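Asks: no FASTA, just this:
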Ligand SMILES: NC(=O)c1ccc[n+]([C@@H]2O[C@H](COP(=O)([O-])OP(=O)(O)OC[C@H]3O[C@@H](n4cnc5c(N)ncnc54)[C@H](OP(=O)(O)O)[C@@H]3O)[C@@H](O)[C@H]2O)c1
């Protein structure tokens, strides 16, 4: 089925990195959107299932971005329960944002793929915007990004993810598909820092440290224990090289190549992503 201009789409994580862009793109082409987050009206809270029915009322499609991370223990059960409720409420199309090469995320994917609706999985590599809008921004601004992340990663631009999400939510031909969304080439974190330095004028460098040093650093900063485990998992397993090869799935869906890291870094610098006043958003 093709969604039409009367179909209401619920966009979760609606003020976040991907959701805000998905909502903007759908709105721009005339599709009605309901924003889904704790600050939206009606409010949607992953931790409070009593808020789900209000957000789902009258909705025919949902963009699912689970927060904080679908690789966390218990996430698959929550996402699965939400997907069941969505289908029972009349939702016919779901796009699930997932993480490339994450075993835990695969459990959530299979759970959502099991519901009676058109499901598309958007399995993304690491976001460029982690360096400009998210948890890696403080490290970039400090001038040193220290991590156990020596392997290359085909960082992806969340604008590409959002454009693909808007396409699969509104066009036929994507039901049952799993798209692996990456940038056009792999960079090491050292190369990524060099690109950001060149674009921003800041001096930012990558420093290789062990997983134990990384864990100790996170703990000394007061990072909550479950997030310490998540970050160590992401850096030591997801970034062990298993995801280093880029795909052409962005090209397959959008008919144009994925956006490159250098172009993104230049535009982010011009937009003030790394200006002195910049503070992390999420
Ligand atoms: N970062 C990466 O490199 C990467 C790569 C692949 C996949 N992913 C996946 O991407 C997903 C996150 O997507 P994102 O980066 O677009 O999100 P994000 O930027 O972290 O989004 C935060 C959004 O979630 C909302 N939110 C926070 N807590 C909430 C709660 N308890 N209930 C409902 N909404 C809540 C926030 O709004 P309110 O404050 O108003 O609630 C905001 O709209 C994760 O599942 C992660 O595994 C990330």
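Replies: Structure's in. What do you need? None of the values given here were measured: they were computed from a predicted structure.
Asks: run the chain-centre distance for the helix or strand that contains residue 83.
Replies: Assigned by DSSP states H and E, residue 83 falls within helix 75-88. The offset between the C-alpha centroid of helix 75-88 and the centroid of the whole chain comes to 19 Å, using CA atoms, centre = their mean, to the nearest Å.
Asks: residues of it that come out buried?
Replies: If you call a residue buried by 16 or more other CB atoms under 10 Å, then helix 75-88 has these buried ones: 75, 76, 78, 79, 80, 82, 83, 86, 87. Placement of C-beta: from N, CA and C, glycine included.
Asks: residue 115 is in contact with the last one, correct?
Replies: Which is residue 87. Yes: proximity of residue 87 to residue 115 meets the contact threshold set by CB atoms under 8 Å, at 4.9 Å.
Asks: in the chain, which helix or strand is least confident?
Replies: For the chain, the helix or strand with the lowest mean confidence is helix 225-233, at a mean of 90 (criterion: mean pLDDT, DSSP states H and E).
Asks: the helix or strand following that helix close to the ligand?
Replies: Next in sequence after helix 225-233, counting helices and strands by DSSP H and E, comes helix 249-254. No: taking CB under 6 Å from any ligand atom as the criterion, helix 249-254 and the ligand are apart, separated by no less than 13.7 Å.
Asks: now for helix 249-254, which elements pack on it?
Replies: Secondary structure elements in contact with helix 249-254, counted by 3 or more CB pairs under 8 Å, 6 or more residues apart in numbering; DSSP states H and E, are helix 158-170, strand 178-181.
Asks: would you mind identifying the next helix or strand past the helix holding residue 83?
Replies: In N-to-C order, the element after helix 75-88 by DSSP H and E is strand 93-99.
Asks: any idea whether the residue of the stretch 1-150 of the chain at minimum distance from the ligand is helix, strand or coil?
Replies: Distances between the stretch 1-150 of the chain and the ligand by CB to the nearest ligand atom are smallest at residue 16, namely 2.1 Å. At residue 16 the chain is in coil, as set by DSSP: H, G, I helix; E, B strand; the rest coil.
Asks: list the buried residues in the least confident helix or strand of the chain.
Replies: Counting neighbours by 16+ other CB under 10 Å, the buried set in helix 225-233 is 228, 230, 231, 232, 233.
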